[in-house]
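Trainee: Mind folding the following:
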Amino acid sequence: MGGDEHYRSRSLWLDQVAESLAPRDPLDADAECDVAVVGGGFTGLWTAYSVALAEPALRVRVVEAETCGFGASGRNGGWASALFAGSRAFTAKRQGRAGVLDLHRQMVGAIDDIERTCAVESIDCAFARGGTLTLATSPAHVARIREHVEADHRWGLDESDTEWLDASEARHRIGAARVFGAAFTPHCASIQPARLARGLAEAVRRRGAIIHESTPVQRIEPHRVVTARGTLRADVIVRATEGYTTELPGLHRRLIPIYSFMIATEPLPASFWDDAGWRNRETVGDGRHLIIYAQRTADDRIAFGGRGAPYHFGSRVRAWYDRDPTVFHDLVRVMHDLFPATRDARITHHWGGALGVPRDWYPSVGIERASGLAWAGGYVGDGVTTTNLAGRTLADLILHRDTERTDLAWVDHRSRDWEPEPLRWLGINAGLHVSAAADRREARTGRRAAGYERALALLTGS
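Mentor: Below is the predicted model:
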């Protein structure tokens, strides 16, 4: 809990929100409704919006511990991507090749729905559908990225969905220091995520739903959300807590919080962009094992993020875990390496946040009819678009509607729980160290670290 400045300090995105971020309308007594949503991030807000839009007569309430967009929804890289985190092989086991393509089409359609909703609700989130470039910034990346493109095509996508660009074509799009080629997909938009979250919260309110901020939830039970401020009773309760799920009783092994970090430069001059290109505000990553991600913001900054922070014993989530000087230093180093002209640019913001990861790295959405408990999450950092699909799917399930969305492979999927400690601490952090070692070896030799990749596959079960 805290004042406006407390929330603005959490990310560049939250700092750029025009209106006050101070929490509003906390729950102040016991109450009843038809649908109670726990969590005021993208999942909870898209669910509340979709239910209220479809059935305006239903009483919908959202409870949020802090302020809407406080968590990953206000701190992520701003990629509204069609990438679904779960493996296609697992999807195919449930529904075959057709299920893989159905899920892909729904993810692409979710980007459209975000854009359409922003237009209808007058949400200015700097939406720019420039696609994604995955750069080969080392010779070792080339074969790995090309294999991903070829795999896309084997699953039934074509070059309008994903294509390989040679070095010359890739450099024409973006002037990074070393580019040996790139994969490109048009299915991604760059956004300002906190403005989307805050705008969506206002749209939810306009549609008649009630949002209680500054209302931490103590536990979720069948048809009951228990808080220190009162108990909310509902026919359906939606758990939309993602990286904070571990803090709810009985759920500490359901999802684990993995931290990701970001930095942002000051607005860069036109001379930088003349050399760098990046004209369509493409989202950008590369082929390393420790993921990096970047975008050119609407006000001409580079927002640059990556993984590398350790997993904390016991799946703990703490405010001070959002700051890790070593990871921030590494992000600055990598950004300077890819874009040397940023060396003189001031870093104005640095931040971090927790994302939710299930044991099989496969997101899920579903409902238990008997208990009235519904859920969505486990996006593994690819949640900006997936939350939209989740919210609309949950609305269909809550309203007993059979649609193309309710037939998707992730509906009612259940991941097994993570191992008890210290096993998960050892395994997750071992995977982190193997990934970093693989990247160091590939950077040094220019050759693919196949042995490390096999070790990673064993550690992650992929």
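Trainee: Which positions within stretch 57-65 qualify as buried?
Mentor: Residues 58-65 are the ones in stretch 57-65 that count as buried (16 or more other CB atoms under 10 Å). C-beta coordinates here come from the backbone N, C-alpha and C atoms, glycine included.
Trainee: Tell me where this structure has helices.
Mentor: Taking DSSP state H, the helices of the chain run over residues 4-8, 12-15, 42-54, 88-120, 139-155, 167-173, 193-206, 270-276, 325-338, 383-398, 423-445, 450-460.
Trainee: coming back round to it: now the buried residues of stretch 57-65 as JSON lines including pLDDT?
Mentor: Below are these laid out as JSON lines (pLDDT from 0 to 100):
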{"residue": "Leu58", "pLDDT": "98"}
{"residue": "Arg59", "pLDDT": "98"}
{"residue": "Val60", "pLDDT": "98"}
{"residue": "Arg61", "pLDDT": "98"}
{"residue": "Val62", "pLDDT": "98"}
{"residue": "Val63", "pLDDT": "98"}
{"residue": "Glu64", "pLDDT": "98"}
{"residue": "Ala65", "pLDDT": "97"}
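Trainee: follow-up on the earlier one: to Gly377, which of the helices of the chain lies closest?
Mentor: Of all the helices of the chain, helix 42-54 sits nearest to Gly377, with 6.3 Å by CB to CB.
Trainee: what does the closest one rub up against?
Mentor: Outside helix 42-54, the residues within contact range by CB atoms under 8 Å, 6 or more residues apart in numbering are 35, 37-38, 58, 60, 62, 64, 68, 73, 117, 196-197, 200-201, 203-204, 207-209, 211, 238, 240, 242, 376-377, 383-384, 387-388, 390-392, 394-395, 398-399.
Trainee: mind listing what's buried in that helix?
Mentor: For helix 42-54, the neighbour count (16+ other CB under 10 Å) marks 42-53 as buried.
Trainee: Nearest to Arg254 among those?
Mentor: Distances from the buried residues of helix 42-54 to Arg254 were compared by CB to CB; the smallest belongs to Thr43, at 14.4 Å.
Trainee: Now that closest one: closest residue in space, sequence neighbours ignored.
Mentor: Ala240 (3.8 Å; CB to CB, 6 or more residues apart in numbering).
Trainee: what's the answer for Leu255, then?
Mentor: Gly356 (4.0 Å).
Trainee: what's the burial count for that neighbour?
Mentor: 25 (other CB atoms under 10 Å).
Trainee: mind starting the numbering at 571 from now?
Mentor: In the new numbering, first residue 571, that becomes Gly926.
Trainee: Who does it form a beta bridge with?
Mentor: Pro827 (DSSP bridges).
Trainee: if I look at it, how far off is Val897?
Mentor: Look at Gly926 and Val897: by CB to CB, to the nearest Å, they are 19 Å apart.
Trainee: How about Thr801?
Mentor: 40 Å.
Trainee: cool, Ala710 as well?
Mentor: Between Ala710 and Val897 the computed distance is 23 Å (CB to CB).
Trainee: One more: Ala911?
Mentor: Distance from Ala911 to Val897, counting by CB to CB: 23 Å.
Trainee: With His793 instead?
Mentor: Counting by CB to CB - His793 and Val897 are separated by 42 Å.
Trainee: Comparing these two, which residue is more hemmed in?
Mentor: Val897 (23 against 16).
Trainee: contacting residues for the more buried one?
Mentor: Counting by CB under 8 Å, 6+ apart, Val897 has contacts 831, 876, 878-879, 922.
Trainee: again, 7 Å this time
Mentor: 831, 878-879 (CB atoms under 7 Å, 6 or more residues apart in numbering).
Trainee: most neighbours, which of those?
Mentor: Each of the contacts of Val897 was scored by neighbour count (other CB under 10 Å); the top score is that of Phe831, with 23 neighbours.
Trainee: Which strand residues bridge it?
Mentor: In this entry, Phe831 is beta-bridged to Gly876, Gly922, by DSSP bridges.
Trainee: Next, count neighbours for Glu783.
Mentor: Applying other CB under 10 Å, we find 22 residues neighbouring Glu783.
Trainee: okay, it: pLDDT?
Mentor: Reading off the per-residue confidence, Glu783 sits at a pLDDT of 98.
Trainee: Chain neighbours aside, what residue packs nearest to it?
Mentor: Computed as CB to CB, 6+ apart, the closest residue to Glu783 that is not its neighbour in sequence is Pro593, at 3.6 Å.
Trainee: Before we move on, what's the pLDDT of that neighbour?
Mentor: The predicted local confidence for Pro593 comes out at a pLDDT of 97.
Trainee: So it sits against Thr637, correct?
Mentor: Yes: under the criterion of CB atoms under 7 Å, Pro593 makes contact with Thr637 at 4.7 Å.
Trainee: Quick check on the two: which one has the bigger neighbour count.
Mentor: Set side by side, Pro593 and Thr637 show more neighbours around Thr637, with 28 against 23, by other CB under 10 Å.
Trainee: Spatially central residue for this protein, please.
Mentor: The residue at the geometric middle of the chain, judged as the C-alpha nearest the mean C-alpha position with CA atoms, centre = their mean, is Gly953 (3.2 Å).
Trainee: residues near Ala706, how many?
Mentor: The burial count for Ala706: 24, using other CB under 10 Å.
Trainee: Relative to Val795, how far out is Ala642?
Mentor: If you measure Ala642 against Val795 using CB to CB, the figure is 21 Å.
Trainee: again with Gly997
Mentor: 33 Å.
Trainee: Which one's more surrounded, those two?
Mentor: Val795 (27 against 16).
Trainee: Can you tell me the closest non-neighbouring residue to Thr707?
Mentor: Of all residues apart from its sequence neighbours, Asp856 sits closest to Thr707 (CB to CB, 6+ apart), at 4.6 Å.
Trainee: Just give me the closest of the buried residues of helix 612-624 to Ala650.
Mentor: Among these, Phe612 lies closest to Ala650 (CB to CB), at 10.2 Å.
Trainee: so what's the closest one scoring on pLDDT?
Mentor: Among the per-residue scores, Phe612 holds a pLDDT of 98.
Trainee: Ok, Gly1031 next?
Mentor: Confidence per residue is given as pLDDT, and for Gly1031 that number is 66.
Trainee: Check Thr801 too.
Mentor: 98.
Trainee: swap in Gly572?
Mentor: For Gly572, the pLDDT comes out at 61.
Trainee: How much space separates Pro928 from Ala650?
Mentor: According to CB to CB, Pro928 and Ala650 sit 22 Å apart.
Trainee: All set now, cheers.
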